[in-house]
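Colleague: Curious how this folds, go ahead:
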Amino acid sequence: QVQLVDSGGGLLQAGGSLRLTCTASGRTFTSSSMGWFRQAPGKEREFVAAISWAGSTTYYADSVKGRFTISRDNAKNTVYLQMNSLRPEDTAVYYCAAASPFRRILPITTASFDYWGQGTQVTVSS
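Modeller: Numbers count the residues shown, from 1 in each chain. Got it, this is the predicted structure:
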């Protein structure tokens, strides 16, 4: 069983930066691909970014490419989402997600991941 704890959300103005953190419990973290999703009010949960278990491959939604960076520190069982040049349309609850060990995640959808964090709110004002 893997438990994920998301943190780092907040309220900020457009153009600002924020770093989200997801800390995982369990010894299988280093074998699991990780991802970030977000869900705005009235909308479906959407993919934001993902990273392979070794950290060698990253994936991004077109809407965040060039602005967001996903990274991981396997020694700390932690994955990060650095968000720069934030826009009001980035406002959402952001969820960390983990796939089962060695599970392939492509094509990336919510069904690619087996464990979810509780979510952290990010609000960007114009």
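Colleague: For Asp90, see how far away Leu106 is.
Modeller: Note on Leu106: its distance to Asp90, by C-beta to C-beta, to the nearest Å, is 24 Å. Using the backbone N, CA and C atoms, a C-beta is placed for each residue, glycine as well.
Colleague: Burial check on the closest residue to Ser126 other than its chain neighbours, number of neighbours?
Modeller: What sits nearest to Ser126 in space, not counting adjacent residues and going by C-beta to C-beta, 6 or more residues apart in numbering, is Pro88, at 4.8 Å. Neighbour count for Pro88, taken as other C-beta atoms under 10 Å: 11.
Colleague: The residue nearest to Asp90 when sequence neighbours are not counted bridge partners, please.
Modeller: Counting by C-beta to C-beta, 6+ apart, Asp90 lies nearest to Val124, which is 5.2 Å off, once chain neighbours are set aside. Beta-bridge partners for Val124, by DSSP bridges, are Leu12.
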